[in-house]
Every structure is written in C-alpha cells, then in structure tokens.
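Novice: A predicted structure for the sequence below; I have some questions about it.
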Amino acid sequence: MVHVFKTYPSKITALSDINLEVSPGEFIFIAGPSGSGKTTLLHILFCSEKPTSGQVIVNGIDMTQKGIKKIYQLRRKIGMVFQDFKLLRDRTVRENIAFALEVTGYPQKEIQRRVSAILEWVGLLEREQDSVLTLSSGEQQRIAIARAVVNNPPLLLADEPTGNLDNQMTSDIMTLFIALHRQGTTVVFATQSKELIRRYRYPAIQLLNGRKVSSETGGEVKGET
Amino acid sequence: MRPPPHYGLIRAFQNMWRNLFPNVTTIGVITISVLIFSTFSLIAFNLASFLKIWEEKIEVIAYLTRKTPISEVQSLLDKSRLIEGVESVAYISPSDAMAFMETRLGNQKNLLEGIQSTVLPPSFEVRLKKDYRNPGKIKEVVSQLKRFPQFEEIQYGQEWVETFSVLVHILRLTQWVLGGLLLAAMIFIISNTLQLAISSRREEIEIMQLVGASPSFIQIPFYIEGIVQGLLGSGLAIVFLYILHRAVFLYLPLPMKEWLTRIPVLFLPPQTIAGILLGGMVLGFFGSLVASVRFLK
C-alpha cells in the first residue's frame, strides 16, 4: 500500500497516508483500538473498498486501476476470516467449505478430497454433516478458516478472528494461523488485543484514528491498545 | 477455473428450494398479475371473435316495390351482383319470406294464420365481401343499390352497426392502453418482489463475493430463477383462468347459459397461451435483471 487515504462521503477519514509493505510468507499484526481503521485497511487489501487515493499493489499490479474481473480473480488468491465468521447458516459444515471451491469451478472429486483434508486439519471431520448452527463459536471460526484456506491462497487476511472467543478457543485458532504461516501463507491479522501481540511476537503496525503511529518488529506494542 | 455451465441451473433450483417462501411469494405475484392480464386478453379475444361472427352475418336487405314485375327480377339480380363489394345476392319471394317467418316463430306460427304471404314485400338478401362488412363500406354498397328505382327500402341495421363498431373500437383502444399500464405495473411489482427475494439472500451473495465468485456466477442463477418463476407463475395463471372459464359455465343461471350457447365463449388459442408463457418468462428475466442490477451494483 502506497500513500493510501480513505475518506467516506460523510467526511470521516478512516485511513490517512498509510504505507504498508507485506513480504511473501510474512505474518503481521495490524493493531489498534476500535475505529482506528484496521477493518478499512483489510477491506482495501481485499479490494472490497477502494481507497480515496493511493495505490494497492499486489504482485506488481495496481489493483485500484483494475476492473471487476481482476478483482474477483485476485480474491481467489486471498483468504479472508471475519470476527462474525460469515458462514451460510442454512448449510452443513461440509457445504460451507465446498461452496468456496464450487464458485471457482473445482471438479466435484477434487472438492470432496480437499474439503475432507481441510476438515481433518481443523479437527472437525466428524462434524461435516452437522449444521453450522450446532457448532460452538470456536468451531465456527475453525470452519471459517478452513473455508478461507481450502484453495491454498498465498495471502490470508483476518479481521479480529478471535474477538468473540475465550482464551482457550483463541489459542486453538492462533495455532491454526501459525501453522498456515509456517506452511508459507502470508498472514495479515487485525486485532485489538495487546496480549495476543505480546504472546505471539510477530511484527505489528499500530493504527490510531486512521494513521500509522508505530511499527514494531515483534512482541512489543506501544500506545493505547 | 470456471464452474461448468449446468452448475448455474443446478444452483438456481437449489436456491429456489432453499428460499421457498420468497420464491412462492414471487410466483404468487406473477400468477396474480398474469391472471389479471390474461383475463383481460380472454375478454378482448371473445369480444373480437363475437364481432367476427357478427360481421359474418352483416347483410343488406333491399325491399322491392310491389309493382316490380317478376320478369325484371333476374336482370336486377345480375346488376346487383356486379356492384363492388357484393359477394352474393339472393331473391326472397313473399312466400319464401312467409316460410322464413314460420320457421322463426316455431310453435307460435299460428300467429300468422289468416295472413297472406302477399302482404310481405319481395326482397334481395345482399351478402357483402369481408372487407365491406363495416359502416363506411356498407354505405357505399347501399348508395349503389339506391340507384335502382325498383328498390323501395334498403335496411342494414344502420344504428346498430355504427354503435357496435364504435364500441369495438373503444374496447380495442382500452385493451391496448390498459394492457400497457398493466404491463408496466407488472414489471414494477415483479422486479420489486424479486429484489426483496434477492435481498433476503444478501448474506449468501456477500459470501460468494468473498470467496471470489465472478459477477456472472452470482447473477446467472438469479436470471434462471426469474425465468422459471415467470414460467411457473404464468403457467399457473393459465390454469386458473381455464378453471374460471369453465366455472363461469358451471355456475351461471340457466337462462344465461342458454343465451351463451348461441355465442361461443372461447378459451385463449394455443398461440396466445404460448405468448403468455413466453411473456411470463421474459417478464421474470427482466424483473430479475432489473433487481440484480439494482442490488448487485
């Protein structure tokens, strides 16, 4: 991201002159309190929002200049995980994960193979035919992560994925993110939790009122978070 | 990688099944709209066919003066047949006219007892060509017939022909104006109902966009759903209209039923039914196109 600004029509400035470079295979925390611009930053990286000015360059391509076709193709290479999971409530666990592969045209055999493998990885293979509504919050987030990474995206964006979870569930979810990072996935992880940043010691950038106020190499966070 | 083409069709039917209530509501709205429109078409169609039957029966009666010698009848018949617009001319002698009256009176023919056929004037029954069975053209033929002094009086039900003709023109105009307004209202209602149905799936659409679905992948099932809803809605409307059409005959009072047996009340012809079904599909498609463009932009 190069000199990215985002101002909403209501004149609220969500991001102001943000420069951010994420190298392949990196794990980075985006830290900051509620309203600091973390979600807007992730949405711009995901191309679901356009910056008011500045550039978003992915693999050398300025995505702010491209039409809808490039954007949906780019999204297939980015996994996204949300605090509220965003699962289809009327489908089973298996159907929710398979959905991500179906929309991109994977053959059915390959879909079944990948879904089974990813469900085993997140430890929920035995729940594959259950409705997602019967799962706990932690289990739902594991399904959301499974859906985000089932097609092996090189980049994973996470918008406060542990925000609604207790300590044990947070630990379980972080284990999955760390495993993905170790397998080579680039992870951009937004959080309000200073504790999480201290514990996992990955580089963090600190946002406050839409501005980048500090950039830490890992484990130390200054400011009000 | 692209999803196979039939996948859109499968998803459209899965979506319809999963979102049964909004789909049933949309089909219901289409059914009611198309039923109103097709009822209107059925009435217009029957009026048009009634007019056609009545037009077939339009003829001019030219009464001969009683002084006309029988020897002149043949040459007058030949001359009358040469008039432009005349299809055929038949001579009705006083005794033919009496026989006709007796037939029409049926059981009450004794009313004619003591009446001599000579009181009835001889006449020519002039049948007109199809293009001449309207007030303007009839007048042209009548003015030609009036040139013959042997004709005492010429009748063709002037007032009735003119009034009926004006009435039919007004009905046809009303059919187009009301039909157009109804069509516009139908598109508005259907596109709004479909938009509600689409917005009830906001979450699903958001997730599809999230996992990298192409815009066509998201939109095509909605178009298919619109077409299927249009087909089912208009098909149901035709079925209900047919039931209504039959019920009208079943529950009508007997005198009205007897009267209606003289006028054939028809159901819509197959090409009109095909047109309504096709129209329903087009309507469903455009309804979902408008709705999805508004919602997915």
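Specialist: Yep, that arrived.

Novice: OK, contacts around B:K129?
Specialist: Residues near B:K129 by C-beta atoms under 8 Å, 6 or more residues apart in numbering or on different chains: B:85-87. To be clear about C-beta, it is placed using only N, CA and C from the backbone, and glycine gets the same treatment.

Novice: domain parsing for chain A?
Specialist: Per automatic domain parsing, the domain ranges recorded for chain A read A:1-75+A:183-225, A:78-152.

Novice: try chain B
Specialist: B:6-54+B:163-296, B:59-155.

Novice: distance between the shortest one and the chain's centre?
Specialist: For domain B:59-155, the distance from its own C-alpha centre to the chain's C-alpha centre is 33 Å (C-alpha atoms, centre = their mean, to the nearest Å).

Novice: Longest helix in the chain, by number of residues?
Specialist: Looking at chain A here, since you left the chain open. Identified as the longest helix of chain A according to DSSP state H is helix A:167-182.

Novice: look at chain B instead
Specialist: Chain B, longest helix under DSSP H: helix B:158-199.

Novice: continuing past that one, what's the next helix or strand?
Specialist: Per DSSP states H and E, the first helix or strand lying C-terminal to helix B:158-199 is helix B:202-210.

Novice: Tell me if that following helix is near chain A.
Specialist: Yes: part of helix B:202-210 sits near chain A under the criterion C-beta under 8 Å from any C-beta of the partner chain, namely B:203-204, B:206-210.

Novice: who touches that helix?
Specialist: A:48, A:72, A:75, A:80, A:86-89, A:99, A:103, B:198, B:217-218, B:295-296.

Novice: Direction-wise, compare that helix with helix B:158-199 and give the angle.
Specialist: Helix B:202-210 runs at 60 degrees relative to helix B:158-199, counting by axes from the mean of the first three to the mean of the last three C-alpha atoms, to 10 degrees.

Novice: Please put the alpha-carbon coordinates of helix B:202-210 into CSV.
Specialist: Only the C-alpha atoms of helix B:202-210 are listed here, as CSV (Å, rounded to 0.1, in the frame of the first residue of the first chain):
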residue,chain,number,x,y,z
ARG,B,202,-27.7,-10.7,0.9
GLU,B,203,-25.6,-12.8,3.2
GLU,B,204,-25.1,-15.6,0.6
ILE,B,205,-24.2,-13.0,-2.1
GLU,B,206,-21.7,-11.4,0.2
ILE,B,207,-20.1,-14.7,0.9
MET,B,208,-20.0,-15.5,-2.8
GLN,B,209,-18.2,-12.2,-3.5
LEU,B,210,-15.9,-13.0,-0.5
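
Novice: can you give me the strands in chain A?
Specialist: A:2-7, A:13-18, A:27-31, A:53-55, A:57-58, A:61-62, A:78-82, A:155-159, A:186-191, A:204-208, A:211-216 (DSSP state E).

Novice: Among those strands, which comes closest to B:P149?
Specialist: strand A:2-7 (97.6 Å; C-beta to C-beta).

Novice: Next, the buried residues of the closest one.
Specialist: A:4, A:6 (16 or more other C-beta atoms under 10 Å in any protein chain shown).

Novice: What of stretch A:108-124?
Specialist: Neighbour-count burial for stretch A:108-124 [16+ other C-beta under 10 Å]: A:111, A:114-115, A:118-119, A:121-122, A:124.

Novice: do stretch B:242-249 as well
Specialist: B:H245.

Novice: low-scoring stretches of the stretch 51-200 of chain B, by residue?
Specialist: B:157-159, B:161 (pLDDT under 70).

Novice: swap the cut-off to 90 and go again
Specialist: Along the stretch 51-200 of chain B, segments meeting pLDDT under 90 span B:51-60, B:65-75, B:85, B:93-122, B:127-142, B:145, B:148-200.

Novice: Name the nearest residue to the residue of it found nearest chain A, ignoring sequence neighbours.
Specialist: Nearest to chain A in the stretch 51-200 of chain B, going by C-beta to the nearest C-beta, is B:S200, at a distance of 11.5 Å. Nearest residue to B:S200, sequence neighbours excluded (C-beta to C-beta, 6 or more residues apart in numbering or on different chains): B:P22, at 5.2 Å.

Novice: now swap in A:P24 and tell me
Specialist: In space, A:P24 is closest to A:T186, 5.7 Å off (C-beta to C-beta, 6+ apart).

Novice: Likewise for B:F45?
Specialist: Here the residue nearest B:F45, using C-beta to C-beta, 6+ apart, is B:L268, at 6.2 Å.

Novice: picking that back up, dump the domains of chain A into a markdown table; add distance to B:N107 and mean pLDDT as well.
Specialist: Shown next, in a markdown table, are those (distance: least, C-beta to C-beta, whole Å; pLDDT from 0 to 100):
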| stretch | distance to B:N107 | mean pLDDT |
| --- | --- | --- |
| domain A:1-75+A:183-225 | 83 | 85 |
| domain A:78-152 | 74 | 92 |
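
Novice: Show me the helices in chain B, by range?
Specialist: Remark: helices assigned in chain B by DSSP H are B:6-18, B:20-57, B:70-81, B:94-105, B:135-145, B:158-199, B:202-210, B:215-251, B:254-262, B:270-296.

Novice: For A:E26, which of those helices is the nearest?
Specialist: A:E26 sits nearest to helix B:202-210 of all those, at 22.6 Å, using C-beta to C-beta.

Novice: Now do that closest one, average pLDDT.
Specialist: The pLDDT scores in helix B:202-210 average 85.

Novice: now the angle between helix B:215-251 and it, please.
Specialist: Using the same axes, to 10 degrees: helix B:202-210 against helix B:215-251 is 150 degrees.

Novice: surely B:S292 meets B:I224?
Specialist: No: B:S292 is beyond contact range of B:I224, at 11.5 Å (criterion: C-beta atoms under 8 Å).

Novice: I'd like the distance from the residue positioned nearest the centre of chain B to B:G279, if you could.
Specialist: Nearest to the geometric centre of chain B sits B:F45, at 0.9 Å (C-alpha atoms, centre = their mean). Relative to B:G279, B:F45 is positioned 15 Å away (C-beta to C-beta, to the nearest Å).

Novice: tell me which parts of the stretch 101-250 of chain B are close to chain A?
Specialist: Residues of the stretch 101-250 of chain B lying near chain A (C-beta under 8 Å from any C-beta): B:203-204, B:206-215, B:217.

Novice: and with 6 Å instead?
Specialist: Residues of the stretch 101-250 of chain B lying close to chain A (C-beta under 6 Å from any C-beta of the partner chain) are B:207-208, B:210-214, B:217.

Novice: And the furthest pair within these?
Specialist: Among those, B:I207 and B:S214 lie farthest apart (C-beta to C-beta), at 14.3 Å.

Novice: Not counting its neighbours along the chain, what's nearest residue 148?
Specialist: Looking at chain A here, since you left the chain open. A:G79 (3.2 Å).

Novice: meant chain B actually
Specialist: Among residues not flanking B:F148 along the chain, B:L76 sits closest, at 6.4 Å (C-beta to C-beta, 6+ apart).

Novice: and the one you found, how many residues sit next to it?
Specialist: 19 (other C-beta atoms under 10 Å in any protein chain shown).

Novice: follow-up on the earlier one: would you list the residues of the stretch 101-250 of chain B next to chain A in a markdown table and tack on neighbour count and distance to B:I187?
Specialist: Below are those laid out as a markdown table (neighbours: other C-beta atoms under 10 Å in any protein chain shown; distance: C-beta to C-beta, whole Å):
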| residue | neighbour count | distance to B:I187 |
| --- | --- | --- |
| B:I207 | 19 | 30 |
| B:M208 | 22 | 27 |
| B:L210 | 20 | 32 |
| B:V211 | 23 | 33 |
| B:G212 | 22 | 33 |
| B:A213 | 23 | 28 |
| B:S214 | 20 | 27 |
| B:F217 | 20 | 26 |
